[in-house]
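> my questions concern the predicted model and sequence given below.
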Amino acid sequence: MSDLMGRYNSWRRGILPASKRELERRREKVSSRFDHIDTKLAEIERKLAQQNQPLFDERLLPTDLTPSNAHEASAKAGADGYISSRFDHIDTKLGEIGRQLSQLDAGLIPTDLVSPDVNEALAKAEFAAGLTTVRSTPVILSLETTSACNLRCVMCAHAYGEVHRPKHLDDGLVSKLKHLLKRANHIQLHGIGEPTNSPAFWRLLGDLPPPQQICDSSINTNFTVIDDERLSKLLDSNLKIINVSLDAGTEATYQKIRGFSFNVVVGNIERLLTGRRARGQVFPLVHMNMTLMRSNIEELPDFIQLAERLGVDEIMLWHLNRWPDEAMARYVTKKDGWIFDYAQEGLWNFPALSNRCIRDAVELAKEAGIPLELDCNKDMYFDD
């Protein structure tokens with residue numbers, strides 16, 4: 001903590017103006033910075049107060065956490081009492097945070113009491129203060145539990161041998177990462193592989209924070225390998241979102257694109273939702289997603305009707321990625337007389353059709369009462 005305070009004091013000296021004339025010019029900017037830090041520190045105080053931790057042992061408060069004399073520093077810089085009082089206030093709050101961190105280091109506050117929202121507030125305050133040595137842990141974790149997959153979907157690198165040395169996340173890394181999950185508020189446990197086939201996923205599943213307004217944890221999955229034991233583990237867990245990649249509204253199109261049984265996957269979704277209802281649970285939420293292309297976009301009504309029948313919580317739509325021509329040229333394959341050509345399947349080739357189908361889908365979902373989310377990372381509507 002002394003290092004944290006040292007860096008803070010260095011930052012503080014760096015923004016104090018060299019003269020009163022300079023102070024007047026920079027007062028508004030400095031005041032805004034104070035307001036930002038003050039807000040974040042107040043958030044930390046409020047969150048920690050909700051944890052019901054024991055009283056602090058004053059003997060654990062290092063002497064270097066005593067608020068420094070900002071009046072003297074500001075006087076040397078030609079600043080006034082307003083700036084001094086703001087520095088004093090923030091120094092005092094940092095001292096209070098230091099006490100709690102000292103308690104944590106001494107083992108008097110259980111690590112689990114530093115919940116994801118408290119950890120996020122601390123991270124924001126450290127960032128606002130310009131610290132480079134921090135006590136917070138990552139707020140967002142994206143862990144690829146495996147790069148191996150049991151399917152060969154036509155639009156995926158797996159179908160073309162472009163995922164080199166696919167493997168599961170190493171057990172040694174899993175052990176080192178598990179403690180970080182308790183403090184994160186956004187956790188993704190998938191990448192280019194199928195997470196439910198990964199031993200690492202099942203090991204990490206039990207360490208997720210609760211989903212109720214605390215942690216957004218999720219997986220994207222093909223949901224093809226869900227037996228009763230795995231289904232129970234998912235329902236027992238704190239996993240917030242299971243996002244099933246379906247990419248079709250009919251068996252025939254699903255088989256062309258994904259090469260597996262549509263009915264098996266739909267049946268797995270039904271079993272999950274039936275089990276959730278039987279337990280009276282809200283989580284895990286179940287989403288269905290569709291990667292749009294020329295061969296499936298006209299099945300959006302079927303896809304939405306299926307989602308309504310199953311009772312899923314949300315639908316997600318996104319386009320193929322528009323890569324450079326030489327990259328897309330590698331993604332061409334033939335299946336049972338059907339030729340999939342990535343560049344030709346892209347809906348940028350059919351802007352009017354794409355826009356119409358997506359607009360209709362938005363209205364259908366609204367009528368069905370199902371939230372529909374469009375990809376926020378790319379434009380979903382083309383110029384006609």
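Cool, the structure landed.
> for this structure, what's the longest strand?
strand 285-292 (DSSP state E).
> in that one, which residues are buried?
285-292 (16 or more other Cβ atoms under 10 Å). Every residue, glycine included, has its C-beta placed from N, CA and C.
> count of neighbours near Gly161?
Residues contacting Gly161 under the criterion other Cβ atoms under 10 Å number 9.
> spit out the contact partners of it.
Applying Cβ atoms under 8 Å, 6 or more residues apart in numbering, we find Gly161 in contact with no residue.
> so Pro116 versus Phe260, what's the distance?
Going from Pro116 to Phe260 by Cβ to Cβ, to the nearest Å gives 35 Å.
> out of these two, which sits in the more crowded spot?
Using other Cβ under 10 Å as the criterion, Pro116 and Phe260 rank with Pro116 on top: 22 against 17.
> quick one: residues contacting that one.
Going by Cβ under 8 Å, 6+ apart, Pro116 touches 139, 182-185, 209, 214-215.
> kindly report the same for Val163.
Going by Cβ under 8 Å, 6+ apart, Val163 touches 147-149, 157, 192-193.
> can you rerun that using 10 Å?
Val163 makes contact with 147-149, 156-157, 191-193 under the criterion Cβ atoms under 10 Å, 6 or more residues apart in numbering.
> what score does it have for pLDDT?
Here the pLDDT value assigned to Val163 is 94.
> just checking, it is part of a strand?
No - counting by DSSP: H, G, I helix; E, B strand; the rest coil, Val163 falls outside a strand, being coil.
> domain ranges for this structure, per the record?
As given by automatic domain parsing, the domain ranges for the chain are 2-128, 140-374.
> hang on, Arg277 packs against Gly311?
Yes - Arg277 is within contact range of Gly311, at 8.3 Å (criterion: Cβ atoms under 10 Å).
> if you count what's nearby, which of these two comes out ahead?
Gly311 (14 against 10).
> now for that one: which residues touch it?
269-270, 273-274, 276-277, 286, 370.
> what ranges do the helices span in the stretch 251-384 of the chain?
251-258, 262-279, 300-310, 325-328, 342-345, 351-368 (DSSP state H, counting those that start in this stretch).
> ah, wrong one, I meant the stretch 101-250 of the chain
Here the stretch 101-250 of the chain has its helices, by DSSP H, counting those that start in this stretch, at 116-128, 171-181, 199-205, 228-236.
> which of the domains of the chain comes out lowest on mean pLDDT?
Minimum mean pLDDT among the domains of the chain: domain 2-128, a mean of 55.
> now do the contacts for Pro324.
With Cβ under 10 Å, 6+ apart, Pro324 has no contacts at all.
> count of neighbours near Asn349?
Around Asn349 there are 13 residues (other Cβ under 10 Å).
> for it, give its distance to Asn197.
34 Å.
> over to Ser295?
26 Å.
> so what's the nearest residue to Gly191 once chain neighbours are set aside up against?
Among residues not flanking Gly191 along the chain, Glu144 sits closest, at 2.9 Å (Cβ to Cβ, 6 or more residues apart in numbering). Taking Cβ under 10 Å, 6+ apart, we find Glu144 in contact with 167-169, 188-193, 195, 198, 200.
> cool, Leu364 as well?
Contacts of Leu364 by Cβ under 10 Å, 6+ apart are 300-301, 303-305, 307-308, 315, 370, 372.
> now list the buried members of those.
300, 303-304, 307-308, 315, 370, 372.
> as CSV, the contacts of Leu364 with distance to Lys334 would be great.
Output for those, formatted as CSV (distance: Cβ to Cβ, whole Å):
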residue, distance to Lys334
Leu300, 26
Pro301, 28
Phe303, 25
Ile304, 30
Gln305, 31
Ala307, 31
Glu308, 35
Ile315, 30
Ile370, 35
Leu372, 33
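> so which of these comes closest to Glu229?
Ala307 (26.5 Å; Cβ to Cβ).
> measure the closest one to Val266 for me?
11 Å.
> what's the overlap in contacts for these two?
246, 288.
> on that earlier part again, want to throw the buried ones among the contacts of Leu364 into CSV with distance to Arg230?
As requested, those are exported to CSV (distance: Cβ to Cβ, whole Å):
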residue, distance to Arg230
Leu300, 30
Phe303, 25
Ile304, 28
Ala307, 22
Glu308, 26
Ile315, 24
Ile370, 26
Leu372, 28
